[in-house]
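Trainee: Dropping a prediction and its sequence here:
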Amino acid sequence: MKKVLSTTAISIMAIALAACSSGNGGNNNVTSPPSASPENVEATSTNEITEGLQPEEGASLIIWEDKNQRTFIETMAKEFEQQYGVAVKMEELAPPDQVTKLTTDGPAGLGADVVVFPHDQIGRAAQAGLIFPNEEFKDETVSENAENAVKAVTFDNVLYGYPYAVETYALYYNKKLIPEPPKTMDEVISFAETFNDVKNNKFALMWELQQFYYDYAFLVTPGGYMFGQENTDKNDIGLNNEGSIEGGKFMQTLKEKVLPLNTGDVNYDIKKGLFTGGTLAMDINGPWALSDYRATDGLDFGVAPLPTINGKPMVSFSGVKAYYVNANSNYPNAAKLFARFLSTKEAQLKNFETNGLLPSNVEAAADPVISNDEVTKAFLEQFNNSTPMPSIPEMGNVWGPITAGIAAIWDDGKDVKESLDNAVKQIKEAITSS
């Protein structure tokens, strides 16, 4: 996901996650979860999907999906055809590119029937009339999935998505360097005082400083926010309120005591090299990093929820993966059935087994194959303290100004209030002119 930060260019996680976009440094590697037991995933109980909705006569479907989902999609497509008599073909297309392609191909009758894209593009797709609301399966979707996941695939109080996975970032820690994960940022600071050795590239903690996807947590935890009314009010921007200012000042403290580098000095690959090389004790990263770290010989690591800041649970950004139905599909009934088929509890467990995607379904997340895995459990716990990235189109105007504002705060030591005020001013100007 990666980054789900898709508008600039990239699970339950609820123990109750993915993402994005991704704040994963462009890394799309698949996680490597423990194998799910056959009794948990062998059957996809879709016989109870609905008695009323039936596929159109002669229907056949196309789904756009990422290449790493091919095995799962093709397996599910065979089961769907056996049950409904509808053939499904998968075409590879990266999720961040799908809304743009659907804008032209959808009205022309060339678009896929079922599509997948980062949830922060819902506003754009919905306003353009490109996707159908999820009406027939609304009740099931709302009752079965994590509340944060449902909110993420809802725009203007209308449910559009069929969520199937969630993701956020948490705290990776090298057990040889720090056997137990710190629960507070004060503990991180204390650890850094004795561990850091800049000349030898030894650092207590890193995250991708140049990515607001991660920096968001430091501004919002003390009381900042993106947009008002649960990230739906473009006229109410809280990135320069008292809480955000407090968070910006705390970031300056972290630069002095924990991570004395500039924003351009840290990226995904740099962190990966230091963490796998044994000189970075802790890394704020997402589940997309698991395959890299699990493939490193001798690396004994754990994952924990993010440390608290002044007693407050750290609030991360999160992304939600979901299926959507093309509003120009020739076979909307069949497409809706297939979107539902791919997002049931059983399907989500199978997707976890196949691709390591963390489910949005509450019961799936509570299944022993997931809840008994400590790494997965940590991401799910952090998802409870996450905010889905805003899906309103105006979110695209945020990334540039706020990233520049944080660089001024972190790199140049500029006044926090002045820097954040300037960033918000630029965001508002961009929204007005767009």
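Mentor: All right, it came through fine.
Trainee: which intervals of the stretch 201-350 of the chain have sub-threshold pLDDT?
Mentor: Low-confidence segments of the stretch 201-350 of the chain, defined by pLDDT under 70: none present.
Trainee: got the residue ranges for the strands in it?
Mentor: 203-206, 227, 233-237, 280-285, 301-304, 316-325 (DSSP state E, counting those that start in this stretch).
Trainee: In JSON lines: those, plus mean neighbour count and distance to residue 310.
Mentor: For the C-beta atoms, the positions are set from N, CA and C on the backbone; glycine is no exception. Listed next are the strands of the stretch 201-350 of the chain as JSON lines, based on neighbours: other CB atoms under 10 Å; distance: least, CB to CB, whole Å:
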{"stretch": "strand 203-206", "mean neighbour count": "24", "distance to residue 310": "17"}
{"stretch": "strand 227", "mean neighbour count": "19", "distance to residue 310": "24"}
{"stretch": "strand 233-237", "mean neighbour count": "17", "distance to residue 310": "23"}
{"stretch": "strand 280-285", "mean neighbour count": "25", "distance to residue 310": "18"}
{"stretch": "strand 301-304", "mean neighbour count": "21", "distance to residue 310": "18"}
{"stretch": "strand 316-325", "mean neighbour count": "31", "distance to residue 310": "16"}
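Trainee: Quick one: closest of those strands to residue 256.
Mentor: strand 203-206 (12.8 Å; CB to CB).
Trainee: So what are the sheet partners of that closest one and their directions?
Mentor: strand 280-285 (parallel) (DSSP bridges).
Trainee: and the angle from the partner strand to strand 316-325?
Mentor: Interaxial angle, strand 280-285 versus strand 316-325 (axes from the mean of the first three to the mean of the last three CA atoms, to 10 degrees): 40 degrees.
Trainee: outside of strand 280-285, which residues touch it?
Mentor: The contact list for strand 280-285 (CB atoms under 8 Å, 6 or more residues apart in numbering) reads 24, 169-174, 177-178, 181-182, 188, 191, 195, 202-207, 214, 268, 271, 274-275, 289, 306.
Trainee: the strands in the stretch 1-150 of the chain, which residues?
Mentor: Using DSSP E, counting those that start in this stretch, the strands of the stretch 1-150 of the chain run over residues 60-65, 87-92, 114-116.
Trainee: Out of these, which one sits most buried?
Mentor: Comparing the strands of the stretch 1-150 of the chain by mean neighbour count (mean count of other CB atoms under 10 Å), strand 114-116 comes out on top with a mean of 27.
Trainee: Packing partners of it?
Mentor: Judged by 3 or more CB pairs under 8 Å, 6 or more residues apart in numbering; DSSP states H and E, strand 114-116 is in contact with strand 60-65, helix 98-105, strand 316-325, helix 332-341.
Trainee: Tell me which of those lies nearest to residue 88.
Mentor: strand 60-65 (4.6 Å).
Trainee: Give the rounded mean pLDDT of that closest one.
Mentor: Taken as a whole, strand 60-65 carries a mean pLDDT of 97.
Trainee: try stretch 89-107
Mentor: Mean predicted confidence for stretch 89-107 is 94.
Trainee: Next: stretch 357-367.
Mentor: 93.
Trainee: and it, C-alpha only, in PDB?
Mentor: Provided in PDB are the C-alpha atoms of stretch 357-367 (Å, rounded to 0.1, in the frame of the first residue of the first chain):
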ATOM      1  CA  LEU A 357      -3.300  -9.800   3.800                       C
ATOM      2  CA  LEU A 358      -4.700  -8.900   7.200                       C
ATOM      3  CA  PRO A 359      -8.500  -9.200   7.200                       C
ATOM      4  CA  SER A 360     -11.000  -6.400   7.800                       C
ATOM      5  CA  ASN A 361     -13.600  -9.000   8.900                       C
ATOM      6  CA  VAL A 362     -13.900  -9.100  12.700                       C
ATOM      7  CA  GLU A 363     -14.500 -12.900  12.900                       C
ATOM      8  CA  ALA A 364     -11.600 -13.600  10.500                       C
ATOM      9  CA  ALA A 365      -9.300 -11.500  12.600                       C
ATOM     10  CA  ALA A 366     -10.300 -13.400  15.700                       C
ATOM     11  CA  ASP A 367      -9.600 -16.800  14.000                       C
END
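Trainee: Same question for that stretch: list its buried residues.
Mentor: Neighbour-count burial for stretch 357-367, counted by 16 or more other CB atoms under 10 Å, picks out 357, 358, 359, 360, 361, 362, 364, 365, 366, 367.
Trainee: likewise stretch 180-191?
Mentor: Result for stretch 180-191 [16+ other CB under 10 Å]: buried residues 181, 182, 185, 188, 189, 191.
Trainee: Taking those residues, tell me the two that lie furthest apart.
Mentor: Spanning the widest gap among the buried residues of stretch 180-191 are 181 and 189, at 14.5 Å by CB to CB.
Trainee: start to end distance for stretch 127-145?
Mentor: Using CA to CA, to the nearest Å, one end of stretch 127-145 lies 25 Å from the other.
Trainee: Report the buried residues of that stretch.
Mentor: For stretch 127-145, by 16+ other CB under 10 Å, it's 130, 131, 132, 133, 134, 136, 137, 140, 141, 144, 145.
Trainee: Go ahead and name everything in contact with it.
Mentor: 12, 49-50, 52-53, 99, 102-103, 106, 115, 122, 125, 150, 153, 158-163, 324-329, 332, 336, 339-340, 343, 345, 360-363, 393.
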